[in-house]
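Trainee: the following block contains a protein sequence and its predicted model.
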Amino acid sequence: MKYINIAVLFILLLLTACSQTYVLESYNNDSISVNTTEDSIIQNIISPYKKGIKNEMEEVICFNKNNLQKNKPESTIGNFVTDLCMQYVDVDICILNNGGLRTEILRGNVTRGKIFELMPFDNELVIIELEKKEFIQLIDYIIKRNGEPFSGMKITINNKGQLINCDKLEKFDNKIKVLTSDYLANGGDKMWFFTKKKQFRTGIKVRDAIIDYCLKTDT
């Protein structure tokens, strides 16, 4: 049984020079009960789809040998995802964000549904070419955030949080190819250094890359 509140309003209309003002004089709340039953026809239509989705989400796609957890400045789940993403395109580095990885994957069977929990967003992998100034901004961003998931480079800092060394910065030539998500490429999580750069779309969703990798390889 559901209840719908209906406000019965009595309005006093006041006329003033060329304008109308409405004043609430009083109101009253009444409750009307509404009995609803499930539409059996609709349920019969959607039931097979619900069952199909349930079966698909419960499908075991790989076995995880180690706990993959979120942490800072480095996380095993972050390393896992950024490492595998780099296997699908030719780039120098990959960076994602901790906030985009929504759960951990513990040791044991991994279902397709678990990957949807990990990456519930339809984010696409895109490639962006950064010049040296922008690449330094990216490194500074990672340091100030006390780490974000990345692969393809090594960053060393001192106990004051100051950059000591970055192997990719030492060997920097003209531009560096960065793989990231379209969400971050558009400035998500305050990655503003990406926003004015051209995006090269891969057509690969981050979640699809993870699922494909898991289907091919036990983690």
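Mentor: Alright, I've got the coordinates. Residues are numbered from 1 along each chain as shown.

Trainee: buried residues in the host helix or strand of F80?
Mentor: F80 is part of helix 76-85, with elements assigned from DSSP states H and E. Residues of helix 76-85 classed as buried: 76-78, 80-82, 84-85 (neighbour count, 16 or more other C-beta atoms under 10 Å). Backbone N, C-alpha and C define where each C-beta goes, glycine included.

Trainee: can I get these in TSV with pLDDT?
Mentor: Shown next, in TSV, are these (pLDDT from 0 to 100):
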residue	pLDDT
T76	97
I77	98
G78	98
F80	98
V81	99
T82	99
L84	98
C85	99
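
Trainee: tell me the one of those residues nearest Q137?
Mentor: T82 (18.8 Å; C-beta to C-beta).

Trainee: relative to E59, how far out is that closest one?
Mentor: Counting by C-beta to C-beta, to the nearest Å, the gap from T82 to E59 is 25 Å.

Trainee: ditto for Q199
Mentor: For Q199 relative to E59 (C-beta to C-beta), the value is 32 Å.

Trainee: on that earlier part again, following the helix holding F80, which helix or strand shows up next?
Mentor: Trace forward from helix 76-85 with DSSP H and E and the next one is strand 93-95.

Trainee: in a helix, that's where V178 is, yeah?
Mentor: No: counting by DSSP: H, G, I helix; E, B strand; the rest coil, V178 falls outside a helix, being strand.

Trainee: contacts only, for it.
Mentor: With contacts defined as C-beta atoms under 8 Å, 6 or more residues apart in numbering, V178 is in contact with 91-95, 127-130, 135, 138, 194.

Trainee: neighbours of the nearest residue to it once chain neighbours are set aside, how many?
Mentor: Distances taken as C-beta to C-beta, 6 or more residues apart in numbering put I128 closest to V178, at 5.0 Å, once the chain neighbours are dropped. Counted by other C-beta atoms under 10 Å, the residues lying close to I128 total 24.

Trainee: I128 and A185 touch, don't they?
Mentor: Yes: using C-beta atoms under 8 Å, I128 is in contact with A185, at 5.8 Å.

Trainee: now F135: which helix or strand?
Mentor: helix 132-144.

Trainee: find residues that contact each of I128 and A185.
Mentor: Joint contacts of I128 and A185 (C-beta under 8 Å, 6+ apart) are 194, 197, 199.

Trainee: between these, which sits nearest I105?
Mentor: F194 (27.4 Å).

Trainee: report the contact partners of the nearest residue in space to that closest one that is not next to it in sequence.
Mentor: Leaving aside its sequence neighbours, F194 sits nearest to A185 (C-beta to C-beta, 6+ apart; 4.8 Å). Each residue near A185 by C-beta under 8 Å, 6+ apart is listed here: 126, 128, 191, 194-195, 197, 199.

Trainee: and if we set it to 10 Å?
Mentor: 123-128, 178-179, 191, 194-195, 197-201 (C-beta atoms under 10 Å, 6 or more residues apart in numbering).

Trainee: just K72 next, same as before
Mentor: By C-beta under 10 Å, 6+ apart, the neighbours of K72 are 78, 98, 145-149.
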